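Undergrad: below is the structure, and that's it, no one-letter string:
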């Protein structure tokens, strides 16, 4: 029969390895994502409110619409690359959903070959990108966002951004 000290040592090693494994499943909190996504949510709300009020943002060819989409895609490219570099070791179980969204005619996003390896943070960022694609497509269809497109497409986009924020906040340390 093993001595008590030996059992505690073995138990400590097992618990330590389990904690280390969990830490590698999900990447640690990174304030850059939190700040970037909150700013994107704010910018999107302002853009949609201006479009809803009949401002130039309603027009697909306006300087403001062009700047919104360019800035949003740029931000999503940068933080997606950052998320990829810190990818957790467990793929998101819903990764296959990207394929159906990316195949819609509203999508101009090409999924990377490794999209089935995305962790849940990467999944959320690509979902946001695909919903930006839908808003952009709706905007360009007749050159103007109408009220129902703003509510429907803008609402889904904002919900997707909020989902991404929640996913990134899972690992935020408590004060």
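TA: All right, it came through fine. Only a predicted model underlies this, so the values are computations on that prediction, with no experimental measurement involved. Numbering: from 1, shown residues only.
Undergrad: who touches the most centrally placed residue in the chain in this structure?
TA: For the chain, residue 125 is the residue whose C-alpha lies nearest the centre (Cα atoms, centre = their mean; 2.1 Å). By Cβ atoms under 8 Å, 6 or more residues apart in numbering, the contact set of residue 125 is 76, 79-80, 83, 164. All C-beta atoms are positioned from the backbone trio N, CA, C, and that covers glycine.
Undergrad: what of residue 144?
TA: 58-60.
Undergrad: please apply the same query to residue 126.
TA: Shown in contact with residue 126 (Cβ under 8 Å, 6+ apart): 80, 98, 109, 111, 115, 118.
Undergrad: list the helices and strands the host helix or strand of the second one packs on?
TA: In the assignment (DSSP states H and E), residue 98 maps to helix 97-102. Taking 3 or more Cβ pairs under 8 Å, 6 or more residues apart in numbering; DSSP states H and E as contact, the helices and strands that helix 97-102 lies on are helix 120-141.
Undergrad: and the angle from the very next helix or strand once past the helix it packs on to helix 120-141?
TA: For helix 120-141, the following helix or strand on the C-terminal side (DSSP H and E) is helix 147-169. Orientation note: helix 147-169 sits at an angle of 170 degrees relative to helix 120-141 (axes from the mean of the first three to the mean of the last three Cα atoms, to 10 degrees).
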